[in-house]
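Undergrad: one predicted model, sequence on top.
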Amino acid sequence: MSGRTLRVIAVAVTLVCAACSATGEQSRVLPAEPRAGRWKPWVLSSADSIVVPSPPAKGSMAATRDRVRLEHLVARRTRQDEGRVHFWGDYPAIEPWINLALHLVAEEGVKDPPRAARGYALLSVAINDAIVSAWHWKYIYDRPPPTGVSVIAERSSEPSYPSEHAAMAGAAARVLAYTFPDLPAKRFDELAQEAARSRLLSGTNYPSDVAAGLDLGRAVANRVIARAETDGYGRAGRSKIPPGRGYWKPPPGSVALPVEPLAGRWRPWVITSAEGLLPPPPPQYRSPRFVAEAKQVMEFGNHLSPEQARIAKHWAAGPGTSLPPGMWNQLALDKIRRSRLSIPEMAAVFALLNVAEADAAIAAWHSKYRYWSARPVNAIHDLGLDRDWAPYLPTPLFPGYVSGHSTFSAAAAEVLGSIWPEDAPRFRAMAREAGLSRVFG
């Protein structure tokens, strides 16, 4: 499975290579973002906390070697090389790394949303901080991009040193290797090298730009990983199911253990603590409200309309998918494709989105394992409403209150709505539908 998953991106590159043709000079210029080096990073103490050495001096032997190697690569560029250039560099340049993370969560057996949200956040923060730092050093050294060579990628008006694409690749590959430790780290590094080399083949960067970018990205990733090592993930310990009726139990016929019972104790990114966001208790077991809600779920399940079934399936996002936080990453990608953002802006979008999703996971799971509320199928059976009743979709292996789908979706909708205010009503409507889908399913 591991080899097949890591080949997903290689297959995509091959398909792009087969479809592309030589395009010659590209006149379109990417949006400039000269102030991005002043933005506040998430993990780095400042944009200059990792020092990038100066590029080769103009007119030096090192600069001449840089130029000769670039010209050599561009002159021998193949059709397959052109495909790699477009795959790794076309707008939006962050997409290959986000898509790889989504594929890995779906294909490598990640079954719990908190772990997925944590991984997406670590990846996005590493990319963001690498880009912010790269932009700082770009304007310190102010090295013009290459001229006089055939360019087949979107041009940038930004200084070329260090390469932002290489910094993103170095950061992303190292964090993905950390969050998927069962996969060979060498394969991720090879992807980073390929993405970085594509900038030479495109004619947009010198070899020293790319080398400095890779080194910077990897150094940023090391800082992010150091933070991850102290966030509480993987902490030993178990949380006991409360005795008595009315509390969470595995679905009928299952003896599975609850998923990530300690996730509510992980270190958050923005919120002070999950306890401060703890909602009021759910309806008491066997209370009139509890029974009424159980009957409502049962009735939906017994008389599900085609539209309700569609909604339930659309938002299901169970094992074998990128899970609920991944769905919102895909929605963000779809929106970015229709926008025109600079690389720092798109990196900031995913950092904001995934930090919010990671904290949403912590807050939701804190509530789930504070109250240990029963899932509808167990409650319907225990109450004697219908001992043969089954839900439309498989029941997740964690307590129901509060809804993870609702929490993830509301957090994502608010973040994306703040970035694109004109779409805020649409994002909020989608979040409401995602929450309602759990009643239908």
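TA: Arrived safely, thanks for sending.
Undergrad: from here on, contacts and neighbour counts on C-alpha atoms
TA: Fine.
Undergrad: residue ranges with poor pLDDT in the chain?
TA: Within the chain, the stretches with pLDDT under 70 are 1-30.
Undergrad: report the central residue of it.
TA: Residue closest to the mean C-alpha point of the chain, counted by Cα atoms, centre = their mean, is residue 120 at 3.3 Å.
Undergrad: which residues touch that residue?
TA: 101, 326, 354, 358 (Cα atoms under 8 Å, 6 or more residues apart in numbering).
Undergrad: of all those, which comes closest to residue 176?
TA: residue 101 (7.4 Å; Cα to Cα).
Undergrad: so how far is the helix or strand that contains the closest one off the chain centroid?
TA: Here residue 101, judged by DSSP states H and E, is contained in helix 95-107. On the basis of Cα atoms, centre = their mean, to the nearest Å, helix 95-107 sits 8 Å off its chain's mean C-alpha point.
Undergrad: list the buried ones in the helix or strand that it is followed by?
TA: Counting by DSSP H and E, the next helix or strand C-terminal to helix 95-107 is helix 113-141. Residues of helix 113-141 classed as buried: 113-139, 141 (neighbour count, 16 or more other Cα atoms under 10 Å).
Undergrad: now do the contacts for the residue nearest to residue 130 when sequence neighbours are not counted.
TA: Leaving aside its sequence neighbours, residue 130 sits nearest to residue 217 (Cα to Cα, 6 or more residues apart in numbering; 5.3 Å). By Cα under 8 Å, 6+ apart, the contact list for residue 217 reads 126, 127, 130, 166, 167, 168, 169, 170, 171, 172.
Undergrad: out of the residues you listed, who's nearest residue 211?
TA: Closest to residue 211, out of all of the contacts of residue 217 and judged by Cα to Cα, is residue 166, at 7.6 Å.
Undergrad: what's around that closest one, how many residues?
TA: 32 (other Cα atoms under 10 Å).
Undergrad: which strands and helices sit next to the one helix or strand it maps to?
TA: Using DSSP H and E, residue 166 sits in helix 164-179. Here helix 164-179 touches helix 95-107, helix 113-141, helix 185-201, helix 207-228, going by 3 or more Cα pairs under 8 Å, 6 or more residues apart in numbering; DSSP states H and E.
Undergrad: figure out which of these is closest to residue 300.
TA: Among the helices and strands packed on helix 164-179, helix 113-141 sits nearest to residue 300 (Cα to Cα), with 25.2 Å.
Undergrad: okay, the angle between that closest one and helix 207-228?
TA: 140 degrees (axes from the mean of the first three to the mean of the last three Cα atoms, to 10 degrees).
Undergrad: listing partners with orientation, what would you give for the following helix or strand past helix 113-141?
TA: Once the chain leaves helix 113-141, the next helix or strand it forms, by DSSP H and E, is strand 155-156. As defined by DSSP bridges, the strand partners of strand 155-156 come to strand 29-30 (parallel).
Undergrad: quick check: what element follows the strand it pairs with along the chain?
TA: Strand 29-30 is succeeded, C-terminally, by helix 61-75 (DSSP H and E).
Undergrad: off-centre distance for that next one?
TA: With Cα atoms, centre = their mean, you get 36 Å for helix 61-75.
Undergrad: stretch 102-110 too?
TA: 12 Å.
Undergrad: tabulate the CA atom coordinates of it in PDB.
TA: C-alpha atoms of stretch 102-110 as PDB (Å, rounded to 0.1, in the frame of the first residue of the first chain):
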ATOM      1  CA  LEU A 102      -5.000  14.300   1.200                       C
ATOM      2  CA  HIS A 103      -4.100  11.100  -0.700                       C
ATOM      3  CA  LEU A 104      -1.900   9.900   2.100                       C
ATOM      4  CA  VAL A 105      -4.600  10.300   4.800                       C
ATOM      5  CA  ALA A 106      -7.100   8.500   2.500                       C
ATOM      6  CA  GLU A 107      -4.800   5.700   1.400                       C
ATOM      7  CA  GLU A 108      -2.600   5.000   4.400                       C
ATOM      8  CA  GLY A 109      -5.300   4.000   6.900                       C
ATOM      9  CA  VAL A 110      -5.700   7.200   8.900                       C
END
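Undergrad: got the buried residues for that stretch?
TA: Within stretch 102-110, the residues that qualify as buried are 102, 103, 104, 105, 106, 107, 108, 110, counting by 16+ other Cα under 10 Å.
Undergrad: any idea how far the third one lies from residue 126?
TA: When Cα to Cα, to the nearest Å is applied, the distance between residue 104 and residue 126 equals 17 Å.
Undergrad: with just CA atoms, put stretch 163-178 into CSV.
TA: Included here for stretch 163-178 are C-alpha records, laid out as CSV according to Å, rounded to 0.1, in the frame of the first residue of the first chain:
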residue,chain,number,x,y,z
SER,A,163,13.6,29.8,-4.2
GLU,A,164,10.1,29.7,-2.6
HIS,A,165,9.1,26.6,-4.5
ALA,A,166,12.2,24.8,-3.1
ALA,A,167,11.6,26.1,0.4
MET,A,168,8.0,24.8,0.2
ALA,A,169,9.2,21.4,-1.1
GLY,A,170,11.9,21.1,1.6
ALA,A,171,9.4,21.9,4.4
ALA,A,172,6.5,19.8,3.1
ALA,A,173,8.5,16.7,2.3
ARG,A,174,10.2,16.6,5.7
VAL,A,175,6.9,17.2,7.6
LEU,A,176,5.1,14.5,5.6
ALA,A,177,7.9,12.1,6.3
TYR,A,178,7.4,12.8,10.0
